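Peer 1: Model the following, please.
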Amino acid sequence: MGSAASAAAPPPPPPAQPHGAASPYGPGLAGILPPKPDGDEKKEEEKVDYLNLPCPVPYEEIQREALMSLKPELFEGLRFDFTKMLTNKFALSHSVLMGSLEVPSQSADVIKVPTSQYEFGANFLDPKLMLIGRLMTDGRLNARVKCDLTENLALKINAQLTNEPHYSQGMFNFDYKGKDYRAQFQIGNNAFYGANYIQSVTPNLSMGTEIFWLGQQRKSGIGFNSRYSTDKMVGTLQVASTGIVALSYVQKVSEKVSLASDFMYNHMSRDVTSSVGYDYMLRQCRLRGKIDSNGVVAAYLEERLNMGVNFLLSAEIDHSKKNYKFGFGLTVGE
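Peer 2: Model (predicted):
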């Protein structure tokens, strides 16, 4: 007698497959593993065209997003600004400020003296020429000029004239805007000479350097900076031979909300300060605020009451120095 296995009936043959059809189990492990979703496919990396990089922001404006949140225009007392458009390009402005002025003292207490100030201004705005002048009751005159000499070259002039000797200041800036870089040359009083250059390295990263010479004090310095920006964040780094190291970071939470922080270290004085702030834009108002490592809390509110009419609230509290600043104002302009 043969074995039971030899006497058993043979297994049925597998069902016939259509011609050209793949095996239901697939070749090897490929038939066992689940199919990969379309989202897991590797996306081709976008090639960077280094000959078509964007033009970077000006050297002095690399921290502009952080300054909007952390450095609002705080004031104390009552402020009223009125602007009247006479033509499409020419306007007059009037500004009144009634508050207090801090007087320097050797003691830790803050000494304030009540003061008031009126400011008269004239503005001429043209696509290629901008003239702004401000005259204060104490005799100070501030003037700003921006003139586009060519499509890429612009001249900027900032001047402050006072009755006090050796306190008047003037600065001439020549700005050149290239395809993917910016360069600036500066000449000022007291034998000041400066130059800076910033270059786009990638579509998101730009790096630059600056150098200056102050002939009257026989001081010179050099600095470096970098800026990385995307649609959601902006980060900057600045290092100078004067001993300053500054960092800033801005996170754009949404189109209306952004958070900012900065850090500054002064090697000469061994001072370290940092702050965090926010910038919240509502439908008819804009709210900004910050708090720093010294315990100073500040907030600034701009409320639009009507077309061309804004209400301002400003507050700053420094508990350590017992210094409190509160102000409210109104701006009216066409």
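
Peer 1: Which residue, other than its chain neighbours, is closest to residue 291?
Peer 2: Closest residue in space to residue 291, ignoring its immediate chain neighbours: residue 297 at 4.9 Å, by CB to CB, 6 or more residues apart in numbering. Yep, even glycine has a C-beta here, placed from its N, CA and C like the rest.

Peer 1: Tell me the buried residues in whichever strand or helix holds the one you found?
Peer 2: Following DSSP states H and E, one finds residue 297 within strand 296-306. By 16 or more other CB atoms under 10 Å, the buried positions in strand 296-306 come out as 296, 298, 299, 300, 301, 302.

Peer 1: could you point out which element follows that strand?
Peer 2: Along the chain past strand 296-306, the next helix or strand (assigned with DSSP H and E) turns out to be strand 309-318.

Peer 1: Run me through the strand neighbours of that next one, direction for each.
Peer 2: Sheet pairing for strand 309-318, assigned by DSSP bridges, gives strand 296-306 (antiparallel), strand 323-333 (antiparallel).

Peer 1: which SS state does residue 49 fall under?
Peer 2: Here residue 49 is recorded as coil under DSSP: H, G, I helix; E, B strand; the rest coil.

Peer 1: how about low-confidence regions in the stretch 201-334 of the chain?
Peer 2: Applying pLDDT under 70 to the stretch 201-334 of the chain flags residues 334.

Peer 1: Equivalent analysis for the stretch 1-150 of the chain, please.
Peer 2: For the stretch 1-150 of the chain, applying pLDDT under 70 flags the ranges 1-46.

Peer 1: All the helices of it, in order from the start?
Peer 2: Taking DSSP state H, counting those that start in this stretch, the helices of the stretch 1-150 of the chain run over residues 4-7, 64-70.

Peer 1: which outside residues touch the longest one?
Peer 2: By CB atoms under 8 Å, 6 or more residues apart in numbering, the surrounding residues in contact with helix 64-70 are 57, 234, 236, 248-250, 258-262, 275, 277-279, 288, 290.

Peer 1: what about 6 Å?
Peer 2: 234, 248, 250, 260, 262, 275, 277, 279, 288, 290 (CB atoms under 6 Å, 6 or more residues apart in numbering).

Peer 1: Give the buried residues for that helix.
Peer 2: By 16+ other CB under 10 Å, the buried positions in helix 64-70 come out as 65, 66, 67, 68, 69, 70.

Peer 1: could I get those residues as TSV with distance to residue 199?
Peer 2: Formatted as TSV, these follow (distance: CB to CB, whole Å):
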residue	distance to residue 199
65	20
66	21
67	22
68	25
69	27
70	26
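
Peer 1: Name the nearest of these relative to residue 330.
Peer 2: Of all those, residue 330 sits closest to residue 68, with 21.6 Å by CB to CB.

Peer 1: what's the distance between that closest one and residue 302?
Peer 2: For residue 68, the distance to residue 302 (CB to CB, to the nearest Å) stands at 12 Å.

Peer 1: Residue 269 too?
Peer 2: On the measure of CB to CB, residue 269 and residue 302 end up 34 Å apart.

Peer 1: now swap in residue 322 and tell me
Peer 2: 28 Å.

Peer 1: my guess is residue 131 contacts residue 122, does it?
Peer 2: No: at 7.7 Å, residue 131 does not count as touching residue 122 under the criterion of CB atoms under 6 Å.

Peer 1: List the residues that contact residue 262.
Peer 2: Counted by CB under 6 Å, 6+ apart, residue 262 has contacts 66, 70, 248, 275.

Peer 1: element containing it, please.
Peer 2: Residue 262 belongs to strand 257-266 when assigned by DSSP H and E.

Peer 1: Whichever helix or strand comes after that strand pairs with which strands, parallel or anti?
Peer 2: Past strand 257-266, further along toward the C-terminus, the next helix or strand under DSSP H and E is strand 271-281. Sheet pairing for strand 271-281, assigned by DSSP bridges, gives strand 257-266 (antiparallel), strand 285-292 (antiparallel).

Peer 1: Need the contact partners of the last one.
Peer 2: Among residues not part of strand 285-292, those counted as contacts by CB under 6 Å, 6+ apart are 69-70, 72, 275, 277-280, 297-303.

Peer 1: Tell me which two in the residues you listed are the farthest apart.
Peer 2: Distance extremes for the contacts of strand 285-292: the farthest pair is 275 and 303 at 24.1 Å, using CB to CB.

Peer 1: Where do the strands of the stretch 51-200 of the chain begin and end?
Peer 2: Along the stretch 51-200 of the chain, counting by DSSP state E, counting those that start in this stretch, strands occupy 77-85, 90-103, 111-125, 129-136, 141-148, 153-161, 169-177, 181-188, 192-200.

Peer 1: Just send those strands back as CSV, with mean neighbour count and distance to residue 240 too.
Peer 2: Shown next, in CSV, are the strands of the stretch 51-200 of the chain (neighbours: other CB atoms under 10 Å; distance: least, CB to CB, whole Å):
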stretch, mean neighbour count, distance to residue 240
strand 77-85, 16, 34
strand 90-103, 15, 28
strand 111-125, 14, 33
strand 129-136, 16, 29
strand 141-148, 16, 25
strand 153-161, 15, 21
strand 169-177, 16, 19
strand 181-188, 18, 15
strand 192-200, 19, 12
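
Peer 1: how about those, which one is nearest residue 330?
Peer 2: With CB to CB as the measure, strand 77-85 is the member of the strands of the stretch 51-200 of the chain nearest residue 330 (5.4 Å).
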